[in-house]
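# return atomic coordinates for the entry below.
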Amino acid sequence: MTMIDVWVEVEGNCVTQTLHEARAELDAGGDVFLDFSSVRRLDSGGLRALEDFAGAADGKTVKVTLRGVKVDVYKVLKLARLSSRFSIVS
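Coordinates of the predicted model:
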């Protein structure tokens, strides 16, 4: 089976919706790259969606990489103890 890496651009104003739509891409079997460069802040819904996305990716043994994470968003991920569930690159 061919594994296809998936690239998803996450818009700052619809993080939750984008992550729910991206969950369908986990079936491709490759790594998932989420571009967070336009995300300036995360609300509780976005955090919950990220947590659910990480759980779904773990269940399918898919590696998720967050790219372009702003410092303020990274701090929120650290406080919520979610940063260790993702690879984070600049």
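# just the C-alphas of the lengthiest helix in the chain, formatted as PDB.
As assigned by DSSP state H, the longest helix anywhere in the chain is helix 44-59. As requested, the backbone C-alpha atoms of helix 44-59 are provided in PDB (Å, rounded to 0.1, in the frame of the first residue of the first chain):
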ATOM      1  CA  SER A  44     -10.300  25.700  24.100                       C
ATOM      2  CA  GLY A  45     -12.100  24.200  21.100                       C
ATOM      3  CA  GLY A  46      -8.900  24.300  19.100                       C
ATOM      4  CA  LEU A  47      -7.000  22.600  21.900                       C
ATOM      5  CA  ARG A  48      -9.600  19.900  22.200                       C
ATOM      6  CA  ALA A  49      -9.500  19.400  18.400                       C
ATOM      7  CA  LEU A  50      -5.700  19.100  18.500                       C
ATOM      8  CA  GLU A  51      -6.000  16.600  21.400                       C
ATOM      9  CA  ASP A  52      -8.500  14.500  19.400                       C
ATOM     10  CA  PHE A  53      -6.500  14.700  16.300                       C
ATOM     11  CA  ALA A  54      -3.400  13.500  18.100                       C
ATOM     12  CA  GLY A  55      -5.300  10.600  19.600                       C
ATOM     13  CA  ALA A  56      -6.600   9.600  16.200                       C
ATOM     14  CA  ALA A  57      -3.100   9.900  14.700                       C
ATOM     15  CA  ASP A  58      -1.600   7.800  17.500                       C
ATOM     16  CA  GLY A  59      -4.300   5.100  16.900                       C
END
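# report the secondary structure element holding the residue nearest the centre of the chain.
Nearest to the mean C-alpha position of the chain, by C-alpha atoms, centre = their mean, lies residue 34 at 5.1 Å. Remark: residue 34 resides in strand 29-35, with elements defined by DSSP states H and E.
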